[in-house]
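what shape does this take:
(one chain, ligands or ions: 1)
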Amino acid sequence: MSDAPVYPRLSFDEQSRLLGNIVTRCAHRSSEPTPVVVFDLDGTLMDNRPRTCAILREFGASLKTREPAIAESLMHAEPGHLAYLLSDSMEALGVHRTDLVAELQVFWRARFFADDHLVHDVALPGAVKFAHDCYEAGAILVYMTGRDLPLMGIGSFRSLRDLGFPIGVPGTELVLKPDAAMADEAYKRLEAPKLARVGRVVAAFDNEPGNCNVFKTHFPEAESVFVDTQHLPGAPALSPGVATIGDFRSSS
Ligand SMILES: [Mg+2]
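The predicted structure is shown next:
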């Protein structure tokens, strides 16, 4: 995969400057529509790998008698062991049995994409402070996630609240997919233009290069920022002008 795109990250100083400039652009001028900052959730504001680890521990517990060695490996899974795809994570954890991987896929899917296990997610470094900085500077925050409303809406609201992000106050919105079966990029491509009714998009953050390119196309004046955590294998190169950061830490 030598031709896979590379995503060089900004230096810490450049990242601090970019985030600081975005906060400055969040100041509301009465002659213009209110600034809007768009945040994806999974892999952008939040690290969801602890959610998968919790599910692996539950699956491991269910295997204790049947497959004690595999159970032991799953019980000790850490976020650093996980690949983007569950099947690759299983390989890394030494689980090579296709029947068990298939069983786990069903077990994982029923829990990963559901309200209750969102409690395990953690905020990316600096994310809570940066969201507050944007909000307090005057922006409307739109959390626009590929999670779906029927299965993950309540848990997503609760998770944002419990992690300390601005939510449930004027100038914040949680926007979810109507249907889990819809592809994330298609959903964001369809819905992004509707953000114009909220205000003037000044920045959008996402951990999928394809989504960052969608935002850059729809809002060329805004900062489109790629958060380089995990992304789908085979992701495209970034469009010109999309910046790359690893988290939301800054010197301010
Ligand atoms: Mg994401």
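
and residue 46, what does it touch?
Applying C-beta atoms under 8 Å, 6 or more residues apart in numbering, we find residue 46 in contact with 121, 122, 123, 124, 127, 159, 163. Backbone N, C-alpha and C define where each C-beta goes, glycine included.

so can I have CSV of the residues you listed showing distance to residue 181 and pLDDT?
Converted to CSV, these look like this (distance: C-beta to C-beta, whole Å; pLDDT from 0 to 100):
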residue, distance to residue 181, pLDDT
121, 22, 98
122, 28, 98
123, 28, 98
124, 28, 98
127, 29, 98
159, 22, 98
163, 27, 98
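
buried only: go through these for me.
Among these, those classed as buried by 16 or more other C-beta atoms under 10 Å are 121, 123, 124, 127, 159, 163.

mind putting those residues into a markdown table with distance to the ion and secondary structure?
Listed next are those as a markdown table, based on distance: C-beta to the ion, whole Å; DSSP: H, G, I helix; E, B strand; the rest coil:
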| residue | distance to the ion | secondary structure |
| --- | --- | --- |
| 121 | 12 | coil |
| 123 | 14 | strand |
| 124 | 11 | coil |
| 127 | 13 | helix |
| 159 | 14 | helix |
| 163 | 15 | helix |
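
just the residues you listed now: which is nearest residue 94?
Closest approach between those and residue 94, by C-beta to C-beta: residue 121, at 25.8 Å.

just to check, that closest one is in contact with residue 159?
Yes: contact criterion C-beta atoms under 8 Å: residue 121 and residue 159 qualify, at 5.7 Å.

re the thing from before, dump the buried ones among the contacts of residue 46 to JSON lines, plus distance to residue 249.
Formatted as JSON lines, the buried ones among the contacts of residue 46 follow (distance: C-beta to C-beta, whole Å):
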{"residue": "121", "distance to residue 249": "18"}
{"residue": "123", "distance to residue 249": "12"}
{"residue": "124", "distance to residue 249": "9"}
{"residue": "127", "distance to residue 249": "9"}
{"residue": "159", "distance to residue 249": "21"}
{"residue": "163", "distance to residue 249": "16"}
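
and the two most separated of the residues you listed?
124 and 159 (13.2 Å).

next, give phi and psi for residue 145.
phi -120, psi 150 (degrees, to the nearest 10).

leaving out chain neighbours, which residue sits closest to it?
Leaving out its chain neighbours, the residue that sits closest to residue 145 by C-beta to C-beta, 6 or more residues apart in numbering is residue 41, at 4.1 Å.

gap between that neighbour and the ion?
6 Å (C-beta to the ion, to the nearest Å).

and for residue 120?
16 Å.

what are the contacting residues of the lowest-mean-pLDDT helix or strand in the chain?
Least confident helix or strand, the chain: helix 86-92 with a mean of 90, by mean pLDDT, DSSP states H and E. The contact list for helix 86-92 (C-beta under 8 Å, 6+ apart) reads 52, 77, 81, 82, 83, 96, 100, 101, 104, 105, 108.

likewise stretch 143-150?
By C-beta under 8 Å, 6+ apart, stretch 143-150 touches 38-42, 45, 113, 152-153, 156, 160, 165, 167, 172-180, 182, 184, 187-188, 191, 195.

buried subset of those as a PyMOL selection?
Filtering the contacts of stretch 143-150 down to the buried ones (16+ other C-beta under 10 Å) takes a single PyMOL command:
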select buried, resi 38+39+40+41+42+45+152+153+156+160+165+167+172+174+175+176+177+180+184+187+188+195
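
narrow the contacts of stretch 143-150 to those in strands?
Secondary structure from DSSP state E places 38, 39, 172, 173, 174, 175, 176, 177 of those in strands.
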